[in-house]
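# Would you be able to build a 3D model of this:
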Amino acid sequence: MLPTYLDCNATTPLEPEVRDVLLHFLDTEFGNEGSRTHEYGARAKQAVQKARDQVAAVVAAKRDEVIFTSGATECNNLAILGLRQAGEEQGKKHIVTTAIEHKAVLEPCDALERAGFEVTRVDVGAGGSVDPEAIRAALRPETLLVSVMHVNNETGIRQPLDDIAAILKGHPAYFHTDAAQGFGKDLEPLRNPRIDLISISGHKIYAPKGIGALVMRRRGYERVPLQPLVYGGGQERGLRPGTLPVALIAAFGTAAEIAVRDHETRQQACQRFKEKALKALSALEPRLTGDQALGMDHVLNISFPGLDSEALIVALKDLIAISNGSACTSSSYTPSHVLKAMGMSDDEANSCVRISWCHMTPEVDWEAVAERVRSMK
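Below you'll find the model as predicted:
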């Protein structure tokens, strides 16, 4: 029997309604969106356009501001590396980001740094949220881009996007956010029109893996001057060539629409789950990572005095499936760069585990979990 899956920050299960749409466009309406001579192509095109509307509606954007990609990693690379030419032409070769970003942001920034750009990586405190004033202090006239994530993937701590947007109101720098963990879950911040670029991944909101979108807001009539990273066709406004995966896109659009429709009931379910977990584990005197007032309802980053995360994960593996950080770097046993940036020692960082769930997560025998942890001490 499989353990209860508690790693929804890594990937989520498919929503049943989303699965139905996915299978329909795989089996029945399987046409190529680029085929203009028959009904299969026309129906595929309609499905893609509907999905653009559905994704755009979540963040109060427009249909033609949605570029479909393979996921948030590709979006982040396109948003950051795609600005290289504009930065070089305008003499703006400075980027501001944070020390707790996903590697899909940090590594493209590293690549631009090797190409002659300067990158300021703003630190965070123990609360896990960047200080907006530190972003203000890092800004320069030649700053091209500010990239700050929406919700941290390891801690679940929200970042102050509205405050940063207000600081950038009079500055021409482009504002990008990696919203993989917050899109469809924390709705209002991403609707701020000052955010120019939003990276989204479908498999974090109960859609399939392999599909995402970059929302690229216009400023008046001006588009963000991105250049493609891949060439070979005119799809997605020339920014992302290749045959569109209609089934994945339609499923993703459905998931986006449901995220808004069911937002309140999902949030309540996650809150109840969190309360039960904390109540059962409280006697073990856990340490919760980050400022819990800024934490999302579906995730806990937690540690227990004297227990190593790897040992804890192994001891609990028949009860619950959890992780100790980002799925994208889980093969690495070095301490989390996020937790280190929050001021933890190596031992403290190596003791933390991430527990993440969703509205579809079944009940957990938390008393059995607590007893197993207690037996390790």
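# what about the strands in the stretch 251-377 of the chain?
Using DSSP state E, counting those that start in this stretch, the strands of the stretch 251-377 of the chain run over 287-288, 299-303, 320-321, 353-356.
# Quick one: closest of the ones you listed to residue 21.
Evaluated over the strands of the stretch 251-377 of the chain, closeness to residue 21 peaks at strand 353-356, with 24.7 Å, by C-beta to C-beta. Yep, even glycine has a C-beta here, placed from its N, CA and C like the rest.
# can you give me how far that closest one is from the chain middle?
16 Å (C-alpha atoms, centre = their mean, to the nearest Å).
# Which strands or helices does that strand pack on?
If you count contacts as 3 or more C-beta pairs under 8 Å, 6 or more residues apart in numbering; DSSP states H and E, strand 353-356 packs onto strand 299-303, helix 309-316.
# what comes up buried for it?
353, 354, 355, 356 (16 or more other C-beta atoms under 10 Å).
# wait, which of those residues is closest to residue 59?
The closest of these to residue 59 turns out to be residue 356 (C-beta to C-beta; 22.3 Å).
# My guess is that closest one contacts residue 5. True?
No: look at residue 356 against residue 5 with C-beta atoms under 8 Å: they stay out of range, at 9.5 Å.
# one step back: can the buried residues of strand 353-356 go into CSV with extra columns for distance to residue 55 and pLDDT?
Output for those, formatted as CSV (distance: C-beta to C-beta, whole Å; pLDDT from 0 to 100):
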residue, distance to residue 55, pLDDT
353, 32, 97
354, 27, 98
355, 28, 98
356, 23, 98
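# quick one: which two of these are the most distant?
Across the buried residues of strand 353-356 (C-beta to C-beta), the longest gap, 10.3 Å, separates 353 and 356.
# In space, what's closest to residue 194 - neighbours in sequence excluded?
residue 165 (3.8 Å; C-beta to C-beta, 6 or more residues apart in numbering).
# What of residue 49?
residue 63 (6.8 Å).
# Could you tell me which residues make contact with residue 236?
Taking C-beta atoms under 8 Å, 6 or more residues apart in numbering, we find residue 236 in contact with 67, 68, 69, 244.
# burial of the residue lying closest to residue 204 once chain neighbours are set aside, as a residue count?
Sequence neighbours aside, residue 180 is the residue nearest to residue 204 in space, at 5.3 Å (criterion: C-beta to C-beta, 6+ apart). By other C-beta atoms under 10 Å, the residues close to residue 180 number 27.
# swap in residue 270?
Using other C-beta under 10 Å: residue 270 sits among 21 other residues.
# distance of residue 309 from residue 190?
Remark: distance between residue 309 and residue 190 (C-beta to C-beta, to the nearest Å) = 31 Å.
# domains of this structure?
Domain assignment for the chain by automatic domain parsing gives 4-13+263-376, 16-260.
# and the ones you listed, which one is worst for confidence?
In terms of mean pLDDT, the lowest-scoring of those is domain 4-13+263-376 (a mean of 93).
# For this structure, which segments are assigned as helices?
16-27, 39-58, 72-81, 84-90, 103-114, 132-138, 161-167, 246-261, 263-281, 309-316, 337-341, 346-349, 366-376 (DSSP state H).
# quick one: which of those is nearest residue 124?
Across the helices of the chain, the minimum distance to residue 124, taken as C-beta to C-beta, is reached by helix 337-341, at 5.7 Å.
# List of residues touching the closest one?
By C-beta under 8 Å, 6+ apart, helix 337-341 touches 98-100, 106, 123-124, 128, 152, 154-155, 289, 301, 325-326, 346, 348-349, 352.
# Try it again at 6 Å.
With contacts defined as C-beta atoms under 6 Å, 6 or more residues apart in numbering, helix 337-341 is touched by 99, 100, 124, 154, 349, 352.
# need the helices and strands packed on strand 353-356 in a markdown table with distance to residue 264 and mean neighbour count, can you?
Shown next, in a markdown table, are the helices and strands packed on strand 353-356 (distance: least, C-beta to C-beta, whole Å; neighbours: other C-beta atoms under 10 Å):
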| stretch | distance to residue 264 | mean neighbour count |
| --- | --- | --- |
| strand 299-303 | 18 | 25 |
| helix 309-316 | 31 | 16 |
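# re the thing from before, of the helices of the chain, which approaches residue 184 most closely?
In terms of C-beta to C-beta, the element of the helices of the chain nearest to residue 184 is helix 246-261, at 3.1 Å.
# Next, find the distance separating the residue nearest the centre of the chain from residue 200.
Central residue of the chain (C-alpha atoms, centre = their mean): residue 180, 1.5 Å from the mean position. Distance, residue 180 to residue 200, using C-beta to C-beta: 7 Å.
# now do residue 4
For residue 4 relative to residue 200 (C-beta to C-beta), the value is 27 Å.
# more neighbours, those two?
For residue 4 and residue 200, the more surrounded residue by other C-beta under 10 Å is residue 200, and the numbers stand at 32 against 15.
# For that one, which residues count as its bridge partners?
residue 213 (DSSP bridges).
# Burial check on residue 348, number of neighbours?
For residue 348, the neighbour count with other C-beta under 10 Å is 16.
# Save the helices of the chain as TSV, and put in distance to residue 228 too.
Compiled in TSV, these are given as follows (distance: least, C-beta to C-beta, whole Å):
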stretch	distance to residue 228
helix 16-27	26
helix 39-58	19
helix 72-81	8
helix 84-90	10
helix 103-114	14
helix 132-138	29
helix 161-167	27
helix 246-261	19
helix 263-281	34
helix 309-316	40
helix 337-341	29
helix 346-349	38
helix 366-376	48
